[in-house]
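[1] predicted model, plus sequence, below.
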Amino acid sequence: MTRIAAENSENHPPEPSAPPHSMAVSEDVSTAEVSTERPYPLVDATPALPAHLQDLTDRARGYVEAASSQNTRRAYASDWTHFSAWCRRQNLSALPPDPEVVGLYITACASGSAVGTATRGAKPNSVATIERRLAAIGWNCAQRGTPLDRKNRAIATVMAGIRNKHAAPPRQKEAILPEDLIAMLETLDRGSLRGIRDRAMLLIGFAGGLRRSEITGLDLGRDQTEDGRGWIEIFEKGMLVTLRGKTGWREVEIGRGSSDATCPVVAVETWIKFAKLAKGPLFRRVTGRGKNIGPDRLNDQEVARLVKKTALAAGIRGDLSEGERTEKFAGHSLRAGLASSAEVDERYVQKQLGHASAEMTRRYQRRRDRFRVNLTKAAGL
């Protein structure tokens, strides 16, 4: 990569302060604060279209948005801002994409020198974060009609070295087991609307093995909101949850529990009744000092906060410090809890979680008979 070091700012002029469609913001702005305005120049970059095609243009932009989740778009926008800001500081151009520039960037991320102007004391990005940043750069470049060759040795070889040197085993969230969940439910106020809602979210999240975005994305019925990710149908024997996931639509069956106190279906029915819901988002904000139900859908981050808060209040993993316990629990703790405690054939758990492979399901199982199949004995030893 010696060519880059030899090139000066004349060959690589600084980028404009706000490149078209880059959604550039201040380097100090956090991911959560980055604008989610549409970064889709593939439509805007075309010549002016006749008025009668404008509607198709808007629809095309909408379909581009629908190709990825809001969380993915937000992360990609933040990563592109990070990359663009780094390029400006180095007097390099982000566009058109230069594999050697990208290779230097991911090297800076791995060494901790890609954050701000200071290079001392900065925390290096994890391998997972660098891989996501690389994916975001490739995606943004593709949307601008200038694809990035990620197989170029200036990128691929550097990334392989980063993985070999810095990759660490995944840090899995602690599983919420049934006894833990029951203790967490006891910390909620049974007489308040917020407590009733939170109880329903915890139980449906656990019993359905749902992701936090799937929990908050539910509607009371089909085709009721534009931002919904699915809907519920309640029957005598349980509840059918229809979800739109990464690979298409899937159905999740949530049966009634052995006790009303821990039944996810009863919890949801109770929430709907006391919240007086008829249409729209299932889980909404509770306002007016806990007495009113707002029209807005809950943010999926609320599920993670709820799991952390109730796990701490219930004293789960009391052998750890409060800070360590906070890091141990998140929304995925509910999915891991179902996968770890449901004593049924693995393929049923795999279907419930919506996994394409049994190997992915096993990653969620924190406790299982790992040596049920003993190849050592089977081989005659």
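    Sure, I can see it. Numbers count the residues shown, from 1 in each chain.

[2] for the stretch 101-250 of the chain, which segments count as strands?
    Counting by DSSP state E, counting those that start in this stretch, one finds strands in the stretch 101-250 of the chain at the ranges 218-219, 230-234, 238-245, 248-255.

[3] hey, which of those is tucked in deepest?
    strand 218-219 (a mean of 23; mean count of other CB atoms under 10 Å). For glycine as for every other residue, the C-beta is placed from the backbone atoms N, C-alpha and C.

[4] how about R133, what does it touch?
    Contacts were defined as CB atoms under 8 Å, 6 or more residues apart in numbering; by that measure R133 touches 79, 82-83, 105-106, 109, 125.

[5] and if we set it to 7 Å?
    Neighbour list for R133: 79, 82-83, 109 [criterion: CB atoms under 7 Å, 6 or more residues apart in numbering].

[6] show me the shaky parts of the stretch 101-250 of the chain.
    Along the stretch 101-250 of the chain, the model assigns pLDDT under 70 to residues 114-121, 170, 246-247.

[7] could you give me the buried positions within the helix or strand harbouring A85?
    Using DSSP states H and E, A85 falls within helix 70-89. Along helix 70-89, these residues count as buried under the neighbour rule (16 or more other CB atoms under 10 Å): 73-88.

[8] ditto for stretch 163-182
    By 16+ other CB under 10 Å, the buried positions in stretch 163-182 come out as 173-177, 180-181.

[9] the residue nearest to F329 when sequence neighbours are not counted: which element?
    Nearest non-adjacent residue to F329, counting by CB to CB, 6 or more residues apart in numbering: A311, 4.4 Å away. When elements are defined using DSSP H and E, A311 is found to belong to helix 301-313.

[10] distance from the chain centre to that helix, please.
    The chain centroid and the centroid of helix 301-313 are separated by 16 Å under CA atoms, centre = their mean, to the nearest Å.

[11] run through who's touching it.
    With CB under 7 Å, 6+ apart, helix 301-313 has contacts from 176, 184, 187-188, 198, 201-202, 205, 212, 215-216, 322, 325-326, 329-331, 333-334.

[12] PyMOL command to pick out the buried ones of those?
    Remark: buried members of the contacts of helix 301-313, expressed as a PyMOL selection using 16+ other CB under 10 Å:
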select buried, resi 176+184+188+198+201+202+205+212+215+216+325+329+330+331+333+334
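
[13] helices - which of the contacts of helix 301-313 land there?
    Judged by DSSP state H, the contacts of helix 301-313 include 184, 198, 201-202, 205, 212, 215-216, 322, 325-326, 333-334 as members of helices.
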